[in-house]
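S.K.: sequence first, predicted coordinates after that:
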Amino acid sequence: MNSNTKGFIFIVILVAAIVGGLIFMNNRQKNGSQASPQSSGDTGDVAGVSASSDPNKAPVTTSLNPDNKSDSYIASLAKFMTTQGMTLYGASWCPHCNAQRAAFGVAASDLKYVECSTDATKPQADVCSNITFIDTSTGKNSAGITGYPTWVYQGKGYAGEQTITQLAQIVGYVDGSTAPASTNAGSN
């Protein structure tokens, strides 16, 4: 065999391996997304809040402010959520967490945020592993944060990205409100 033939065979094998790998990965991603409650239509809605058993597998939402709430509304909501004890648990490397904080813009600094990643500058992994709450997507008790982002409010955990409107509903926030959240906000 001459060197041109050997080179051609090598290229054919290389292309076949790449195409095979791409097909394998594509099928793997499809199978993984079919197991996700969000893609199968079972959203686990609680008070209009969509939750998934594994929020890290869901696609990153392009707009967490579909109702186009103003910056002043969002800033006021962030402060209200913090005064009411709502906490965002996330990881610095998580695109869903970054999208969630980006939805608050400059008001993100007013949120009570707990960094669960040990790779971060100020990790609080011990806080993340020791919290207990009722998972609103399953109704079962959960120990520790296992998916990011997870919002915890009044002993209930809301997994995955939440819109500005959903978060306002959970804490019972009304435009310009400084009153305590209603007793049925975010209930099952």
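M.R.: Yep, it's here.

S.K.: how far out from the middle of the chain is stretch 167-175?
M.R.: 19 Å (CA atoms, centre = their mean, to the nearest Å).

S.K.: now the residue most central in space within the chain: how far from Val19?
M.R.: In the chain, the C-alpha closest to the average C-alpha coordinate belongs to Gly160, at a distance of 3.1 Å (CA atoms, centre = their mean). With distances taken as CB to CB, to the nearest Å, Gly160 is found 34 Å from Val19. Placement of C-beta: from N, CA and C, glycine included.

S.K.: can you check Gly144 too?
M.R.: 41 Å.

S.K.: comparing these two, which shows the higher neighbour count?
M.R.: Shown here are Gly144 and Val19; by other CB atoms under 10 Å, Gly144 has more neighbours (15 against 10).

S.K.: identify the residues contacting that one.
M.R.: 128-132 (CB atoms under 8 Å, 6 or more residues apart in numbering).

S.K.: check Ala125 too.
M.R.: Per CB under 8 Å, 6+ apart, neighbours of Ala125: 116-118.

S.K.: who wins for neighbours among the residues you listed?
M.R.: Counting neighbours by other CB under 10 Å, Cys116 leads the contacts of Ala125 with 27 neighbours.
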